[in-house]
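Sequence first, predicted coordinates after that:
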Amino acid sequence: MSKGNGKSQANDTGLDLEHELPAGSRDGDHSTLEAASGQSSSADSELQAVKAERDSLLDRLARVQAEFKNARQRADKEQQDYRDYALADAIKSLLPVVDSLERAVQVKSDASDLRNGVDLIYKQLMAALAKLSVNPMVAKGELFDPRFHEAIEMVETNDAPDHEVVEELRRGYKFKDRLLRPAMVKVAKNSGR
């Protein structure tokens, strides 16, 4: 075989790949690379979009947390202001009592005048407490109730029924319906009745 025929033989045997492959396949190598490159850039853009969404959500979360913290601080401040103003009102109602005590201390008079002045101040103080919804509880003559009375002594007596409060050593007080302080009392022990 001649050299010229060798080329035709190579063509006949299929060694010339350029002529044997379909036309789309030759350009397909470039398009496959472009497709892979397109998928990579699509994945990169998708990743960037997810990162941007994440950053946006984290930013929103930080803003919501800051708003919540600010709202909580405002509520705490409002509660403290309310307590302070409520306390100021209570103090204002007690100031006239202080004024009366100051006047009583400055006056030089006999014991009966002093006693009358102290009685007046006591009534003024009780009126101020009543205005604040603080009321004394009556204990003497009542049956002992551990919710409202603090018994410090049991007294043997036939003059009062068993478990009756016979003496009040310290008065108990309520604020509205809530117990502020129990009454300190002596309770009758009557084994005969």
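Perfect, I can see it now. Numbers count the residues shown, from 1 in each chain.

Stretch 109-120: which residues count as buried?
Across stretch 109-120, burial judged by 16 or more other Cβ atoms under 10 Å covers Gly117. In this view, the C-beta of every residue, glycine as well, is placed from N, C-alpha and C.

quick one: Val155 and Asn190 touch, right?
No: under the criterion of Cβ atoms under 8 Å, Val155 is not in contact with Asn190, lying 9.3 Å apart.

Figure out the helix or strand that Pro161 lives in.
Using DSSP states H and E, Pro161 falls within no helix or strand.

Report how many residues lie close to it.
A count of nearby residues for Pro161, using other Cβ atoms under 10 Å, gives 12.

Could you report the pLDDT at it?
Looking at Pro161, its pLDDT reads 90.

again with Arg147
94.

And the closest residue to it other than its chain neighbours, its phi and psi?
Nearest-residue entry for Arg147: Leu179, 7.2 Å, with adjacent residues in sequence omitted and distances by Cβ to Cβ, 6 or more residues apart in numbering. Backbone dihedrals for Leu179, given as degrees, to the nearest 10, come out at phi -70, psi 120.

What of Asn190?
Dihedral angles of Asn190 (phi, psi; degrees, to the nearest 10) stand at phi -130, psi 100.

for this protein, what spans make up the strands?
Assigned strands in the chain, in chain order: 134-137, 149-156, 165-170, 172-175, 178-181, 183-189 (criterion: DSSP state E).

List just the one of the ones you listed that sits closest to Arg60.
For Arg60, the closest of the strands of the chain is strand 178-181, at 44.5 Å, according to Cβ to Cβ.

what pairs with the closest one, and is each one parallel or antiparallel?
With DSSP bridges as the criterion, the sheet partners recorded for strand 178-181 are strand 172-175 (antiparallel).

Check which residues of the strand it pairs with are buried.
Neighbour counts over strand 172-175 (16+ other Cβ under 10 Å) mark Gly172, Tyr173 as buried.
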